[in-house]
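A.B. asks: got a predicted model here, sequence first, then my questions.
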Amino acid sequence: MNPPVFTLRELLRRAKVDAPFKALGTTLGMTGFFVLYFAVLRHPAFPVTLVPETWLDHLVDFHPWSLLPYASLWLYLSVVPAVITDRRQLAGYAAGCAGLSAAGLILFFVWPSAIPTPDIDWTGHPSFLFLKQTDATGNACPSLHVAFAVFAALWFARLLPSLGAGRLVQTASLVWALLIIHSTLATKQHVALDVLCGAILGAWAASLNFIVLPCREPIANPRPLLLAVTLIKLSAVFLWCSGVPFIWSFLLFLSGGAPLLHALFTPGSQGVVRVFTRFTTKGREFWLTIDDGPDPDDTPRLLALLASHGARATFFLVGERAASHPGLIADILRHGHEIAHHTHSHPRFGLWAHSHRRLADELDHPLAAFAAAGTPRPLRFRAPMGIKNLLLGRALADRNLACIGWNIRSLDSFLRAPARVAHRVLIRLRPGSIVLMHEGPFLAPAVRVEAIRLVLEGASARGYRAVIPAADQLA
């Protein structure tokens with residue numbers, strides 16, 4: 001696939017997609033926000049707290065020209081949805097904005113704040129009079145102006161590379177965001193503590209978006225998530241240097257690592273690589289995936305079982321075991337099933353820490369084993385235990401591998417009664433479900449093969465078929 005080319009024509013084409021919906025949603029969203037914002041400003045629940053100035057505030061003087069970048073936030077914020085063409089991603093961005101607004105407004109309601117009145121004669125700056133009369137210097141901490149600027153900037157960091165934007169465009173986006181942030185201090189609407197807290201809030205909102213919302217680009221880019229984590233931690237350090245008690249600053253610093261840990265260690269998290277956790281179907285179909293084979297005892301029995309039910313499955317094979325049993329790979333394919341990639345050695349907890357070279361070995365050795373067995377190159381990959389690596393997205397894209405997760409975990413590796421395993425799967429079974437099951441000696445003897453048999457029987461009784469979805473069905 002050829003890389004996209006960043007042109008004005010392409011941007012306009014994207015902006016036209018669902019343009020009325022985008023315009024209406026943006027207008028209603030901003031209007032609703034301001035209605036609630038001024039309502040909270042006029043009716044705080046508790047006495048207003050004065051946010052003090054710190055040494056950082058003395059670094060930024062009042063600049064009348066800063067009113068322009070201050071007002072440009074709403075344009076900056078609106079450009080992001082304009083270039084999004086995927087409705088699910090658009091809904092995710094809107095949900096992120098709504099969540100960010102709700103968090104800020106709740107904070108303003110329960111902890112109203114203001115900044116010291118600046119020693120400036122505003123009559124000499126008539127362009128500022130409307131701003132000062134309507135917004136005054138209330139609802140100060142955290143600065144939602146900064147929070148939204150950071151939120152949009154991180155979204156641009158995610159979107160622009162996929163649009164073919166080079167470093168110049170990406171840098172321009174960052175400079176625009178920095179000017180907006182600077183303007184909150186240069187217009188004397190906020191103090192530095194407001195800005196730092198707003199940066200943390202905006203980075204947290206973007207992080208939650210990224211780890212929940214699937215990336216629609218061919219290669220998931222972990223940099224926006226890393227930028228968000230870094231920004232949270234740096235802001236926490238500056239809060240401590242500005243007089244905020246150590247315990248609060250330290251807790252905020254630690255919290256910055258939570259989105260990254262979630263992205264790496266939660267199987268369905270989307271932050272560092274796109275993980276497919278379901279597929280689209282119009283019928284009562286599910287995808288049975290069987291990990292950790294091939295196994296000389298279980299694989300032949302599973303193939304016979306699947307044939308008796310007219311079911312198809314994907315076998316995620318471990319490279320070391322596949323190399324030892326090439327005949328089983330051929331049997332899987334001959335029965336109409338799919339072979340897929342499950343690393344070479346199945347590192348249970350260490351994949352996240354693998355270097356580029358070790359990760360490449362885990363991915364390339366099984367491909368060599370499959371090639372030696374004369375089988376088609378697999379197109380799908382599953383990380384052991386769903387644990388990912390920061391380099392995994394690029395590594396999989398280079399090898400044309402899609403990362404497959406699941407939305408039903410059978411727990412057959414832990415439960416010792418096959419009926420309990422089957423019950424757990426069947427009560428969660430929905431059209432488009434991806435079911436994770438296993439084979440091999442690591443399972444309890446009673447569970448091996450028998451649990452899959454009970455799942456197939458129960459699913460069939462409910463009118464479900466086990467199928468292998470096409471690439472364009474993955475979601």
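C.D. replies: Perfect, thanks for sending it. Numbering: from 1, shown residues only.
A.B. asks: ok, and the closest non-adjacent residue to Ala422?
C.D. replies: Excluding its sequence neighbours, the residue lying closest to Ala422 (C-beta to C-beta, 6 or more residues apart in numbering) is Leu454, at 3.6 Å. No exception for glycine: its C-beta is placed from N, CA and C like everyone else's.
A.B. asks: ok, Pro116 to Thr54 distance?
C.D. replies: 12 Å (C-beta to C-beta, to the nearest Å).
A.B. asks: out of the two, which sits in the more crowded spot?
C.D. replies: Just comparing Pro116 and Thr54: by other C-beta atoms under 10 Å the higher neighbour count belongs to Thr54, 18 against 14.
A.B. asks: how many neighbours does Trp406 have?
C.D. replies: If we define neighbours as other C-beta under 10 Å, then Trp406 has 22 of them.
A.B. asks: please apply the same query to Pro245.
C.D. replies: Pro245: 10 neighbours (other C-beta under 10 Å).
A.B. asks: enumerate every residue touching it.
C.D. replies: By C-beta atoms under 8 Å, 6 or more residues apart in numbering, the contact set of Pro245 is empty.
A.B. asks: list the contacts of the nearest residue to Ala372 once chain neighbours are set aside.
C.D. replies: Among residues not flanking Ala372 along the chain, Pro326 sits closest, at 6.9 Å (C-beta to C-beta, 6+ apart). Neighbouring residues of Pro326 by C-beta under 8 Å, 6+ apart: 369, 372-373.
A.B. asks: ok, Phe6 next?
C.D. replies: 160, 163-166, 169.
A.B. asks: repeat that with 10 Å
C.D. replies: Neighbouring residues of Phe6 by C-beta atoms under 10 Å, 6 or more residues apart in numbering: 160-166, 168-170.
A.B. asks: how would you label it: helix, strand or coil?
C.D. replies: coil (DSSP: H, G, I helix; E, B strand; the rest coil).
A.B. asks: give me phi/psi at it?
C.D. replies: phi -80, psi 110 (degrees, to the nearest 10).
A.B. asks: what sits closest to Thr54 if chain neighbours are left out?
C.D. replies: In space, Thr54 is closest to Ser242, 4.1 Å off (C-beta to C-beta, 6+ apart).
A.B. asks: and that neighbour, how far from Arg301?
C.D. replies: From Ser242 to Arg301 the distance is 66 Å (C-beta to C-beta).
A.B. asks: next one, pLDDT for the residue nearest to Glu338 when sequence neighbours are not counted please.
C.D. replies: Closest residue to Glu338 apart from its sequence neighbours, by C-beta to C-beta, 6+ apart: Thr314 at 4.3 Å. Looking at Thr314, its pLDDT reads 98.
A.B. asks: mind exporting the helix or strand where Thr314 lies as CSV, just the C-alpha atoms?
C.D. replies: In this assignment (DSSP states H and E), Thr314 forms part of strand 313-317. Output in CSV follows, covering the C-alpha atoms of strand 313-317 (Å, rounded to 0.1, in the frame of the first residue of the first chain):
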residue,chain,number,x,y,z
ALA,A,313,-10.9,-22.6,13.7
THR,A,314,-7.7,-20.7,13.8
PHE,A,315,-4.7,-22.4,15.4
PHE,A,316,-2.2,-19.9,16.9
LEU,A,317,0.9,-22.0,16.8
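A.B. asks: neighbouring contacts of whatever helix or strand comes next after that strand?
C.D. replies: Next helix or strand after strand 313-317 toward the C-terminus (DSSP H and E): helix 319-324. Residues from elsewhere that reach helix 319-324 (C-beta under 10 Å, 6+ apart): 292-296, 299, 315, 317-318, 328-329, 332, 339, 341-346, 361-370, 372-373, 375, 440.
A.B. asks: repeat that with 7 Å
C.D. replies: Contact with helix 319-324 is made by 293-294, 329, 343-345, 365-366, 369-370, as judged by C-beta atoms under 7 Å, 6 or more residues apart in numbering.
A.B. asks: and those, which two are furthest apart?
C.D. replies: Among the contacts of helix 319-324, the pair separated by the greatest distance (C-beta to C-beta) is Ile329 and Ser345, at 17.4 Å.
A.B. asks: neighbour count for those two, which is higher?
C.D. replies: Remark: of Ile329 and Ser345, Ile329 carries more neighbours, 24 against 17, as counted by other C-beta under 10 Å.
A.B. asks: I figured the more buried one hits Ala340, correct?
C.D. replies: No. In this structure Ile329 lies outside contact range of Ala340 using C-beta atoms under 7 Å: 11.2 Å.
A.B. asks: would you mark the buried spots in the strand or helix carrying the residue nearest to Ala422?
C.D. replies: Element membership for Leu454 (DSSP H and E) is helix 450-461. The neighbour-count check on helix 450-461 (16 or more other C-beta atoms under 10 Å) flags 450-456, 458-459 as buried.
A.B. asks: can you show me the CA trace of stretch 71-84 as PDB?
C.D. replies: In PDB, the C-alpha atoms belonging to stretch 71-84 read as follows (Å, rounded to 0.1, in the frame of the first residue of the first chain):
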ATOM      1  CA  ALA A  71      -9.200  32.500  20.800                       C
ATOM      2  CA  SER A  72      -7.800  30.100  18.200                       C
ATOM      3  CA  LEU A  73      -8.200  27.100  20.500                       C
ATOM      4  CA  TRP A  74     -11.800  26.500  19.200                       C
ATOM      5  CA  LEU A  75     -10.500  26.400  15.700                       C
ATOM      6  CA  TYR A  76      -7.700  24.100  16.600                       C
ATOM      7  CA  LEU A  77     -10.100  21.800  18.400                       C
ATOM      8  CA  SER A  78     -12.400  21.700  15.400                       C
ATOM      9  CA  VAL A  79      -9.800  20.700  12.900                       C
ATOM     10  CA  VAL A  80      -9.300  17.300  14.500                       C
ATOM     11  CA  PRO A  81     -12.800  16.000  13.700                       C
ATOM     12  CA  ALA A  82     -12.600  17.700  10.300                       C
ATOM     13  CA  VAL A  83      -9.800  15.300   9.200                       C
ATOM     14  CA  ILE A  84     -11.300  12.100  10.700                       C
END
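A.B. asks: can you point out the buried residues in that stretch?
C.D. replies: Under 16+ other C-beta under 10 Å, the buried positions of stretch 71-84 are 73, 76-84.
A.B. asks: stretch 436-454 too?
C.D. replies: 436-440, 443-444, 447-454.
A.B. asks: quick revisit: looking at the helix holding Leu454 now, give me its mean pLDDT.
C.D. replies: Mean predicted confidence for helix 450-461 is 98.
A.B. asks: whichever helix or strand comes after that helix pairs with which strands?
C.D. replies: Downstream of helix 450-461, the first helix or strand assigned by DSSP H and E is strand 465-466. When pairing is defined by DSSP bridges, strand 465-466 lines up against strand 285-293 (parallel).
A.B. asks: return the distance of the partner strand from the chain's centre.
C.D. replies: Chain-centre distance of strand 285-293: 24 Å, with C-alpha atoms, centre = their mean, to the nearest Å.
A.B. asks: quick one: name whatever helix or strand follows it.
C.D. replies: Assigned by DSSP H and E, the successor of strand 285-293 is helix 298-309.
A.B. asks: quick one: that next one to helix 450-461, angle?
C.D. replies: Angle of helix 298-309 versus helix 450-461, following axes from the mean of the first three to the mean of the last three C-alpha atoms, to 10 degrees, is 20 degrees.
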